[in-house]
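Chemist: turn this into a structure:
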Amino acid sequence: MSKEIPLRYGMNPHQKHARAFVTEGNLPIEVLSGAPGFINMCDALNAWALVKELRRALDLPAAASFKHVSPAGAAVAVPLSDAEKKACFVDDMDDLSPLAVAYARARGADRMSSFGDFAAFSDPLDRSAAEILAREVSDGCIAPDYDDDALKVLKAKRGGKYLVLKMDPDFEPPENETRQVYGVWLEQTRNAAVPGPDLCKNIVTKNKDLPKEAVRDLVVGSIALKYTQSNSVAFAKNGQAIGIGAGQQSRVHCTRLAGSKADTWWLRRHPRVLEAKFKDGLSRAEMNNAIDQFLLERPTPVEERAWREAFDPAPEPLSMHERRDWLDKMQGVSLASDAFFPFRDSIDRAAQSGVRYILQPGGSARDDLIIEACDEHGMAMAFSGLRLFHH
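Modeler: Numbers count the residues shown, from 1 in each chain. Next comes the predicted model:
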């Protein structure tokens, strides 16, 4: 490993000079294939930290799908049902490894946002996971190591230009971190807190029932938020994020965004979607676009024409009653928030998407009103005391 890696360019092509480097020792990262850019490295390092912490906290193989320095999805290896395999576009693949399952879930959280993602894996990448990457639109991946046959698959992707990074799993960043903003250096203690199950112990609502599956999902959501641009809220279920509301200035807008993504995640499992037939010749991305447009409540004429042209035959759109009836079946969802809720509006919106369990730092002057709202909805909520802002 070297002290410096030249990058193709900075955040934008006109920012010509760019490099990744360390001032002491060697870089913990090695380029095995392709040529990284600045944003690739931002995604890779944040995504690696996320999956490493998920592995540590839950002792399960983990994967993440990153776009623009926030996760579109993150997950641990919880077995997929047949419906989930179909919704994740892996129903035609046999004997998926745990790592492949984790990535299928991570990418399946928000397949629209994962288009052109940067993938991260907590464990050495095997051929099963590599074969999923090989057929998806992805910019690169990072893992602690690669099986020989997996590396062969990845090096053949994009004519040998697919970016493959190998990370030293034993590397630990310094205690303090610095960055320069407009010519001024800023320094802080690195956020080394790893959200784990112990954060869920302080349950402040009347409902004290927090099943182990909910604790797992709250940990997945919280660790994902630690590496998501703030403000942020994550909905999680079945060991994966199912909707992440990132980078909003208002807490309720985070919740609405995460909730709408979670609703789409669930609607993609509606029998009418799973049974729909596509016309021959469509790419996987075009299929995703068609499903997304089909599920819009009020598509434009152009959007409706586009999805109708993608199916053969075109399915009947879901009525408002059918949508609501299906969404009401989504229960047992967990919600993590990177900071406290100042008003009950987020709680009320979360209830519409099946949220039953909440983990948040607490500390608002209106905590009593938030607890009251949770009690009205029969939710169990824990205060972690740990804020997770990330910028």
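Chemist: now do the contacts for Leu163.
Modeler: Counting by Cβ atoms under 8 Å, 6 or more residues apart in numbering, Leu163 touches Val31, Ser33, Gly34, Ala35, Pro36, Asn40, Phe118, Asp139, Gly140, Cys141. Yep, even glycine has a C-beta here, placed from its N, CA and C like the rest.
Chemist: should've said Ala20
Modeler: Ala20 neighbours (Cβ under 8 Å, 6+ apart): Glu4, Ile5, Leu7, Leu27, Ile29, Pro36, Met41.
Chemist: partners of the fifth one in the sheet?
Modeler: The residues paired with Ile29 through beta bridges, assigned by DSSP bridges, are Met167.
Chemist: what is the burial count for it?
Modeler: Using other Cβ atoms under 10 Å, Ile29 has 21 neighbouring residues.
Chemist: hang on, it packs against Met167?
Modeler: Yes. Judged on Cβ atoms under 8 Å, Ile29 makes contact with Met167 at a distance of 5.5 Å.
Chemist: so what sits against both of these two?
Modeler: Ala44, Ile142.
Chemist: quick revisit: and the contacts of Ala20, which are buried?
Modeler: Ile5, Leu7, Leu27, Ile29, Pro36, Met41 (16 or more other Cβ atoms under 10 Å).
Chemist: buried ones in the helix or strand where the last one lies, by neighbour count?
Modeler: Think Met41. Taking DSSP states H and E as the definition, Met41 sits inside helix 38-58. Judged by neighbour count (16+ other Cβ under 10 Å), helix 38-58 contains these buried residues: 38-55, 57-58.
Chemist: what of stretch 357-370?
Modeler: So, applying 16+ other Cβ under 10 Å, buried residues of stretch 357-370: Tyr357, Ile358, Leu359, Gln360, Pro361, Gly362, Ser364, Asp367, Ile370.
Chemist: note down every partner strand of whichever strand or helix holds Asp139 and its orientation.
Modeler: Here Asp139, judged by DSSP H and E, is contained in strand 138-143. Sheet pairing here is set by DSSP bridges, and for strand 138-143 it gives strand 117-121 (parallel), strand 163-167 (parallel).
Chemist: how about Phe66, secondary structure?
Modeler: Secondary structure for Phe66, judged by DSSP: H, G, I helix; E, B strand; the rest coil, is strand.
Chemist: re the thing from before, and of the buried residues of stretch 357-370, the nearest to Ile223?
Modeler: Proximity of the buried residues of stretch 357-370 to Ile223 (Cβ to Cβ) peaks at Leu359, which lies at 11.2 Å.
Chemist: ok, now how distant is the nearest residue to that closest one once chain neighbours are set aside from Glu275?
Modeler: Residue nearest to Leu359 in three dimensions, not counting chain neighbours: Leu218, with 4.2 Å by Cβ to Cβ, 6 or more residues apart in numbering. Distance of Leu218 to Glu275, given as Cβ to Cβ, to the nearest Å: 33 Å.
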